[in-house]
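Visitor: okay, sequence plus prediction incoming.
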Amino acid sequence: MKRIILLGFTAICLSGCGTRTFTNTERAAIEQLLLSGAVDKALEQLDVPQVAGGKTFIDFANLKCIDIEYVKAAVRARFSQMGALLVAEANDADYIVEIASGAVGTEYKSFIVGIPSLPVPGLPTPTPELALAKSVEQSGIVKLLVFVRSNNGKFINSERYYGKMERDETFILWFRSQPKDDIRKAWEAADERVKAKSSQEDD
């Protein structure tokens with residue numbers, strides 16, 4: 001029995017224990033990238049060809065969410081890409097676009113085989129986590145409603161757009177794997193676009 005206990009304790013010790021500093025700022029970069037990436041994915045689906053060449057006012061009065069300034073800028077950029085001529089006043093517009101958020105948030109899931117971190121009565125810090133295996137899943141999820149009408153009230157388009165960014169990590173003893181990392185894919189794709197553009201300019 002003592003040998004079994006000793007072997008179990010040795011296995012836990014050999015599994016290693018590490019602590020990641022997720023953030024030194026108000027919010028973690030991973031969280032912000034998951035959310036902004038999910039916004040980008042949602043807006044990639046947005047296509048309203050009717051607004052091309054038309055004066056367009058974007059109404060954000062019903063948009064209430066975290067990272068609201070990024071969402072606003074991304075929406076304006078997307079409509080500009082579609083050829084809309086953005087105006088500052090609704091009275092000057094041919095088209096009115098209303099934007100609202102059904103969800104802009106993150107989810108975090110974890111599963112551990114081992115001894116989780118536990119609070120200790122009378123002490124300010126919990127016990128360290130001792131994990132033989134652990135999986136962590138992080139997601140950023142976005143739902144945006146985009147309603148487009150003409151200035152005289154005629155219906156043009158109304159759709160709900162969803163975006164999701166995921167990042168998973170798995171640890172078994174001291175081995176780490178990452179089955180999914182949409183954040184890394186996004187910045188690698190962005191780097192490739194910059195390199196391709198720079199190469200074209202050099203030619």
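Guide: Perfect, thanks for sending it. Numbering: from 1, shown residues only.
Visitor: which residue lies nearest the spatial centre of the chain?
Guide: L34 (2.0 Å; CA atoms, centre = their mean).
Visitor: for the helix or strand encompassing that one, name the packing helices and strands.
Guide: L34 belongs to helix 29-44 when assigned by DSSP states H and E. In terms of contacts (3 or more CB pairs under 8 Å, 6 or more residues apart in numbering; DSSP states H and E), helix 29-44 is packed against helix 68-81, strand 95-115, strand 130-150, strand 155-172, helix 182-202. (Glycine included, C-beta is placed from N, CA and C.)
Visitor: export those to CSV and tack on mean pLDDT?
Guide: Shown next, in CSV, are those (pLDDT from 0 to 100):
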stretch, mean pLDDT
helix 68-81, 98
strand 95-115, 93
strand 130-150, 93
strand 155-172, 94
helix 182-202, 83
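Visitor: just put these in a markdown table and tack on distance to A52 and mean neighbour count.
Guide: A markdown table is the format used below for the helices and strands packed on helix 29-44 (distance: least, CB to CB, whole Å; neighbours: other CB atoms under 10 Å):
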| stretch | distance to A52 | mean neighbour count |
| --- | --- | --- |
| helix 68-81 | 10 | 16 |
| strand 95-115 | 10 | 16 |
| strand 130-150 | 12 | 19 |
| strand 155-172 | 12 | 16 |
| helix 182-202 | 24 | 11 |
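Visitor: hang on, the earlier thing: in contact with the closest residue to the residue nearest to the centre of the chain other than its chain neighbours: list those residues for me.
Guide: Leaving aside its chain neighbours, L34 sits nearest to G140 (3.0 Å; criterion: CB to CB, 6 or more residues apart in numbering). By CB atoms under 8 Å, 6 or more residues apart in numbering, G140 lies in contact with 31, 33-38, 105-106, 163-166.
Visitor: distance check, L46 against A189.
Guide: 19 Å (CB to CB, to the nearest Å).
Visitor: bridge partners for the residue lying closest to F155 once chain neighbours are set aside, pull those for me.
Guide: Spatial nearest neighbour of F155, excluding adjacent residues (CB to CB, 6+ apart): R149 at 5.7 Å. For R149, the beta-bridge partners are I96, F155 (DSSP bridges).
Visitor: R149 reaches A90, doesn't it?
Guide: No. Assessed by CB atoms under 8 Å, R149 is found out of contact with A90, at 10.9 Å.
Visitor: so what sits against both of those two?
Guide: With CB under 8 Å, 6+ apart, R149 and A90 have common neighbours I96.
Visitor: re earlier: nearest to V113, of the contacts of G140?
Guide: The closest of the contacts of G140 to V113 turns out to be E166 (CB to CB; 21.9 Å).
Visitor: and the closest one, what is it in contact with?
Guide: By CB under 8 Å, 6+ apart, E166 lies in contact with 34, 137-140, 180, 182.
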